[in-house]
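Peer 1: Fold the following.
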Amino acid sequence: MEHWYMLSLVGQDRPGLVAQVSAALCKAGCNLGDSSMARLGANFTIMVMVQWDGPVERLREIVHPISQSLSLTPHIDELSGGMEHHIEPDVRISIYAKDRLGIVEDVTTALAEAGLNILHLDSNTDSEKGSSNKTYYLHIEGTVSKGLDPLYSALDLLTSEKDMNAQLIPINTQIQ
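Peer 2: The predicted structure follows:
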């Protein structure tokens, strides 16, 4: 029986982290599955599903020297069901707004109520040239449970009531 774990590593960003981590895990006999890796500020985070058939204690022993040598903080969780939970998104949504407290809450609450299950969310800020104003960007992918109309309505409300710009792109052409 296959055993899958979610390994997350967080630390200061620098070139070569992904290569060094993946090489060390591969040499130890770990099979790497789905992953998400991102730079956040000056930090880098790696989340990767790892298939390892030995005891979790041995996996921790494998990860410890890798994370220590790269000054990364590790975390390992056992996953039930392995890789069969992979889901493709139905829609891609982009939101742009003047940066302020509560943007993520406003957007994610409205989209959840409209039937969106968020699979992936990236956000960042960018200063306008010559201005102290910052623009907040949200890029979201998810699956739809109530159709597209409730999502369009939620985005229309966010646009008018919360002074945001929004774009919804259907990925799955079967969704109405």
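Peer 1: and this structure, what are its domains?
Peer 2: Each domain of the chain is listed here as a residue range: 4-79, 91-170, per automatic domain parsing.
Peer 1: what are the ranges of the helices in this protein?
Peer 2: Shown for the chain, the helices assigned by DSSP state H span residues 17-27, 56-69, 103-113, 148-161.
Peer 1: quick one: which of those helices is nearest His86?
Peer 2: For the helices of the chain, proximity to His86 was assessed by Cβ to Cβ; helix 17-27 is nearest, at 19.3 Å. For every residue, glycine as well, the C-beta is placed using N, CA and C.
Peer 1: Now do the closest one and helix 56-69, the angle between them.
Peer 2: 150 degrees (axes from the mean of the first three to the mean of the last three Cα atoms, to 10 degrees).
Peer 1: where does this protein have low pLDDT?
Peer 2: Along the chain, the parts satisfying pLDDT under 70 run over 1, 81-85, 128, 130.
Peer 1: Which stretches in it count as strands?
Peer 2: Secondary structure of the chain by DSSP state E: the strands cover 4-12, 31-40, 43-51, 72-79, 91-98, 116-127, 134-144, 164-170.
Peer 1: Export those to TSV and append columns for distance to Ile62 and mean neighbour count.
Peer 2: Shown next, in TSV, are those (distance: least, Cβ to Cβ, whole Å; neighbours: other Cβ atoms under 10 Å):
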stretch	distance to Ile62	mean neighbour count
strand 4-12	10	18
strand 31-40	13	13
strand 43-51	9	18
strand 72-79	10	14
strand 91-98	36	18
strand 116-127	28	14
strand 134-144	32	18
strand 164-170	41	15
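Peer 1: can you put those in CSV and add distance to Thr108?
Peer 2: Shown next, in CSV, are these (distance: least, Cβ to Cβ, whole Å):
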stretch, distance to Thr108
strand 4-12, 21
strand 31-40, 18
strand 43-51, 19
strand 72-79, 23
strand 91-98, 10
strand 116-127, 7
strand 134-144, 8
strand 164-170, 13
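Peer 1: among those strands, which is nearest Ala110?
Peer 2: Per Cβ to Cβ, nearest to Ala110 of the strands of the chain: strand 116-127, 8.9 Å.
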